[in-house]
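# Please find the sequence and the predicted model below.
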Amino acid sequence: MKGVRFLSFIFPKFCASCGKGDSFSELLGVCKVCTKENYIPQKQNPNTNHVKIPLDRFVFYDQVFYLQKRGNFEKGLFQSLKFENERSLAKFFCLGLKKFSFCFKEDPPDLIALVPSSLKTGPRPYHSSYALLSKAKNIWKIREDTSLRKVSVDKQSSQGYEKRFFHAKKAFEFTKSDRIIQGLHILIVDDIFTTGATVNEIARLYKMAGARKVTCIVLLLSGGD
C-alpha cells in the first residue's frame, strides 16, 4: 500500500472530466464532485436498465443490461477509457454492478465470455471491459470461456447500421469445438451496445453450440451517432 500511495503522490491521477485530483479520481478516474454531479445511482435500475428486444428482427440474446447510458459526460469519459488508455475509468462505469445480481437469483449464469475486440494473434490488448469481466466473475463465481475469437480485421464501428449485421456474421468463431456448452446460461460482457449486431451474432453462436440462455451486460448504452 505504501508503494501505491508513493506512486499516487509522484504520478497523481486527475479527474478525466475537470482535471482536479482527489481520492475519487485516484480510484475511479473521476473526482468526487464530478461523480456526485453525474452519477445518479437511483437511475441505475436493473428493472429499467435493459435494452428492449426489437420486434422487427430475430434476435438470439435473451436480455441485455447496461450500467450507464450515454450522455455528453459519459461519452467523453468512454472515449478516454477506450482510446486514451485511461483504465481507471472502467471502475467508474462499473459502479452499481452488484445491483444487477438479484436479476440472476433464480437463474445465475454458468459461464462468462468477453467480446473480443481484435484478432487473437498474440497477447490480448487491453480491453475496456476487463474490469467488468473481473467483477462479474467474482460476483457470480463463474469461469471464463476464452475460446471465442474475432476473425475479421474490420472494425464494427466503421460499418453502417445495416452493414454491421452482415459484418458480424463473419466476424467471430470458436477456437475449440469440444467445449461443454449444452444447457448453460452464458453471460457476455462488452463495453458498448449500439445496434446489438455483435451481441446478437455471438449469442447465435452460443445458441447453436447448445447454450440454453444468453444474457449480456455492457458498460454503456449508445443509440449511435
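Received the coordinates, thanks.
# and stretch 136-156, how far from the chain's centre?
The offset between the C-alpha centroid of stretch 136-156 and the centroid of the whole chain comes to 10 Å, using CA atoms, centre = their mean, to the nearest Å.
# buried ones in that stretch?
Burial within stretch 136-156, assessed by neighbour count using 16 or more other CB atoms under 10 Å, is assigned to 136-137, 140, 142, 144-145, 147-150, 156. No exception for glycine: its C-beta is placed from N, CA and C like everyone else's.
# Repeat that for stretch 204-215.
Along stretch 204-215, the positions that meet the burial threshold by neighbour count (16+ other CB under 10 Å) are 204-207, 209, 211, 213-215.
# wait, isn't residue 171 in contact with residue 152?
Yes: here residue 171 reaches residue 152: they are 4.1 Å apart, a contact under CB atoms under 8 Å.
# So which of the buried residues of stretch 204-215 belong to helices?
Among the buried residues of stretch 204-215, the members found in helices (DSSP state H) are 204-207.
# List just the nearest of the residues you listed to residue 35.
In terms of CB to CB, no member of those lies closer to residue 35 than residue 206, at 35.5 Å.
# Could you tell me the model confidence score at the residue nearest to the closest one when sequence neighbours are not counted?
Of all residues not flanking residue 206 in the chain, residue 186 sits nearest, at 4.9 Å (CB to CB, 6 or more residues apart in numbering). Among the per-residue scores, residue 186 holds a pLDDT of 98.
# got the buried residues for the helix or strand harbouring residue 186?
With secondary structure defined by DSSP states H and E, residue 186 is part of strand 185-193. By 16+ other CB under 10 Å, the buried positions in strand 185-193 come out as 185-193.
# Strand partners (parallel or antiparallel) of it?
Strands that pair with strand 185-193, judged by DSSP bridges, come out as strand 111-114 (parallel), strand 213-221 (parallel).
# Most tightly packed of the ones you listed?
Across the strands paired with strand 185-193, averaging neighbours per residue (mean count of other CB atoms under 10 Å) puts strand 213-221 on top, at a mean of 24.
# The protein: strands as residue ranges?
When assigned using DSSP state E, the strands of the chain occupy the ranges 63-69, 111-114, 143-144, 148-150, 172-174, 185-193, 213-221.
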